[in-house]
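> Give the three-dimensional model of this entry:
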Amino acid sequence: MEVIETRIDTSSEEYHRNYEAMEALVAKLQKELRIAREDRSEKAKARLAQQNKLPVRKRLELLLDPNTPFLEIAPLAARGMYDGKIHGAGIVSGIGVVEGREVVIHANDPMIKGGTIYPMGVKKGLRTQAIAMENRLPIIYLVDSGGAYLPLQSEIFPDADDGGRIFYNQAVMSKMGIPQICGVMGLCTAGAAYIPAMSDEVVHVKGTGAIFLGGPPLVKAATGEEVTADELGGASVHCRESGVSDYFAEDDAHCIQLIRQIVRALPPPNKTKIGRREPRPPLYDPKEIYGIVPEKISTPYDVREVIARMVDASEFLEFKTLYGPTLVCGWAYIHGYPVGILGNNGVLFSDSALKATQFIQLCDKRGIPLLFLQNISGYIIGREYEKGGITKDGHKMVNAVATATVPKFTVIIGASFGAGNYGMCGRAYSPRFLWMWPNAQIGVMGGEQAADVMVTVKNDQLAREGKPPLTEEQVRQIREPIIAAALKEGDAWYSTANMWDDGILDPAKTRDVLGLAISTALNAPIRDDVYGYGTFRM
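The predicted structure is shown next:
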């Protein structure tokens with residue numbers, strides 16, 4: 001492979017301007033993550049201490065192997081929603097190493113509304129389970145939840161992707177042979193009671209852990225019986241009498257110790273081999289990405305400069321260099337793992353779509369994971385391009401992306417608009433993981449373009465009615481709210497709050513996150529369905 005020779009002048013004014021802009025965005029990211037981790041009321045902290053419970057982060061610290069990474073999923077989910085205090089949707093989830101093996105962890109945070117489940121908490125739980133299923137990873141639930149947040153029950157309970165789907169997924173994972181281990185560290189009320197009941201093995205904490213379909217207030221209202229939570233569903237009840245729980249734990253620390261022993265006793269994983277080589281760092285500092293990515297998202301730049309700071313030894317074997325130049329395709333290694341990379345260098349034309357289709361097919365046949373670096377305004381439009389077949393050529397690319405069976409990973413490093421989002425493996429195309437950089441924007445189209453479209457549509461309507469076109473003031477009244485809404489609802493913060501992604505990444509740390517993600521994906525077979533593609537239109 002050839003080394004990418006950088007053409008970036010790190011002493012230029014433009015580089016330093018870009019660097020400062022990205023550095024400010026990364027600082028904001030670090031601040032938001034710190035708030036999500038630490039912003040808890042004194043009342044909640046005191047109550048936790050009174051109950052002799054450990055904070056969720058301390059539970060994770062005891063569970064995970066020392067000095068191993070934890071790849072947290074959607075840490076800013078529900079940011080700014082509800083009362084602004086449901087940090088991380090009330091859940092900490094991610095991928096970590098326990099007893100030397102990779103596992104998925106889903107842990108309620110009892111200091112956020114007592115672990116009550118909000119609608120975004122359901123969405124995060126389902127995403128966590130999807131990661132476990134797609135990557136064939138054992139899942140550990142640390143349950144401490146008062147159940148659904150009743151004022152929003154209509155957003156939690158009835159639909160296909162609401163709370164009931166969590167238990168459906170548990171049944172499916174059991175059939176798939178994916179180990180499920182549950183630590184009952186607090187209340188498991190109503191639907192939450194099914195999480196331990198449907199797990200393979202359950203560790204129950206004395207005094208604080210309780211499992212019941214209806215808690216003491218509901219029992220009293222329904223039957224008149226007065227009973228404590230421990231009498232109704234405590235560790236003694238379920239370990240000695242009902243048999244729901246399997247291991248009796250004295251406290252949180254003992255519970256986690258038992259979970260680690262259970263993981264240790266699991267059969268060893270059989271990870272897929274894909275020809276890994278010795279990892280080598282990039283020749284260029286990954287933090288230089290700050291100065292490469294323009295402050296203004298519409299300003300073009302060469303995606304090869306980003307690739308050079310992301311891949312091993314900055315080596316890259318580019319595919320069809322001279323053909324379809326608005327899409328860069330090629331092979332590289334990230335932390336020793338082979339990857340096929342597709343990165344945008346402009347709008348997608350027919351030739352770039354056809355190049356992508358061929359490249360994806362090659363990677364799929366060879367069992368090489370795919371990495372999409374999205375910075376795309378969409379596919380080219382216009383009369384000549386439609387005559388040239390852009391629609392059918394774009395379809396070929398979308399088809400190949402959708403049906404590729406190798407692990408796919410997507411990072412939105414700039415724009416992600418329209419059908420370009422689809423062709424470059426947006427969320428709807430099932431990448432194993434999708435992240436955004438803090439400068440990223442996502443939407444059907446950019447705010448300026450959307451505003452221009454609406455003005456044109458209105459003027460066309462007025463023309464058909466024989467009326468004069470919009471005045472400058474009327475145009476301004478249409479354009480400004482559309483642009484403002486696009487900026488608000490299309491930025492990385494809005495996306496990550498709604499869990500359209502798995503988190504916002506510091507660009508300089510993207511390489512390391514990708515290495516962890518690829519390792520995670522190899523716990524599942526590269527291909528476990530019928531290989532092939534749908535119809536490609538001529």
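> can you give me the helices in the stretch 151-300 of the chain?
164-176, 194-197, 216-223, 229-233, 235-236, 252-264, 289-292 (DSSP state H, counting those that start in this stretch).
> do the stretch 401-538 of the chain as well
418-423, 447-464, 472-489, 492-497, 510-521.
> Determine the set of other helices and strands touching the last one.
Same thing as helix 510-521. strand 71-72, helix 119-135, strand 327-334, strand 337-344, strand 408-417, strand 433-436 (3 or more C-beta pairs under 8 Å, 6 or more residues apart in numbering; DSSP states H and E). Glycine gets a C-beta too; all of them are placed from N, C-alpha and C.
> same check, this time on the fourth one
In terms of contact count using 3+ C-beta pairs under 8 Å, 6+ apart, helix 492-497 is assigned the packing partners strand 433-436, strand 441-443.
> Which residues does it contact?
Helix 492-497 has contacts (C-beta atoms under 8 Å, 6 or more residues apart in numbering) with 32, 74, 76-81, 412, 436-442, 488, 501, 503-504.
> quick one on the thing from earlier: which of the helices of the stretch 401-538 of the chain sits closest to residue 223?
helix 492-497 (41.4 Å; C-beta to C-beta).
> ok, back up a step: ranking the helices of the stretch 151-300 of the chain by burial, who's on top?
helix 289-292 (a mean of 24; mean count of other C-beta atoms under 10 Å).
> got the CA coordinates for that one in CSV?
Only the C-alpha atoms of helix 289-292 are listed here, as CSV (Å, rounded to 0.1, in the frame of the first residue of the first chain):
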residue,chain,number,x,y,z
ILE,A,289,-8.0,16.6,11.6
TYR,A,290,-9.2,19.7,13.6
GLY,A,291,-7.4,21.9,11.1
ILE,A,292,-8.3,20.0,8.0
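> any idea how far the helix or strand just after it is from the chain center?
Where DSSP states H and E defines the elements, the next helix or strand beyond helix 289-292 is helix 303-308. How far helix 303-308 lies from its chain's middle: 23 Å, per C-alpha atoms, centre = their mean, to the nearest Å.
> Can you check the pLDDT for residue 531?
The model reports residue 531 with a pLDDT of 58.
> and what of residue 211?
At residue 211, the model reports a pLDDT of 95.
> picking that back up, relative to residue 165, which of the helices of the stretch 401-538 of the chain is closest?
Among the helices of the stretch 401-538 of the chain, helix 492-497 sits nearest to residue 165 (C-beta to C-beta), with 21.0 Å.
> Could you give the average pLDDT over that closest one?
96.
> mind checking how far residue 379 is from residue 426?
With distances taken as C-beta to C-beta, to the nearest Å, residue 379 is found 13 Å from residue 426.
> What number of neighbouring residues does the spatially closest residue to residue 172 that is not a sequence neighbour come out with?
Nearest non-adjacent residue to residue 172, counting by C-beta to C-beta, 6 or more residues apart in numbering: residue 133, 7.0 Å away. A total of 17 residues lie near residue 133 under the criterion other C-beta atoms under 10 Å.
> can you tell me how far residue 133 sits from residue 175?
11 Å.
> do residue 393 as well
40 Å.
> Below-threshold pLDDT in the stretch 301-450 of the chain: ranges please.
Along the stretch 301-450 of the chain, no part satisfies pLDDT under 70.
> still on that earlier bit, can you flag the buried ones in the contacts of helix 492-497?
For these, a neighbour count by 16 or more other C-beta atoms under 10 Å gives the buried set as 32, 74, 76-79, 412, 436-442, 501, 503-504.
> Does residue 353 lie in a helix or a strand, and which?
Here residue 353 is assigned to helix 350-366, by DSSP H and E.
> Which positions within that helix qualify as buried?
Buried residues in helix 350-366 (16+ other C-beta under 10 Å): 350-360, 363-364.
> Now do it: distance to the chain's middle.
With C-alpha atoms, centre = their mean, you get 25 Å for helix 350-366.
> can you give me the angle that helix makes with strand 408-417?
160 degrees (axes from the mean of the first three to the mean of the last three C-alpha atoms, to 10 degrees).
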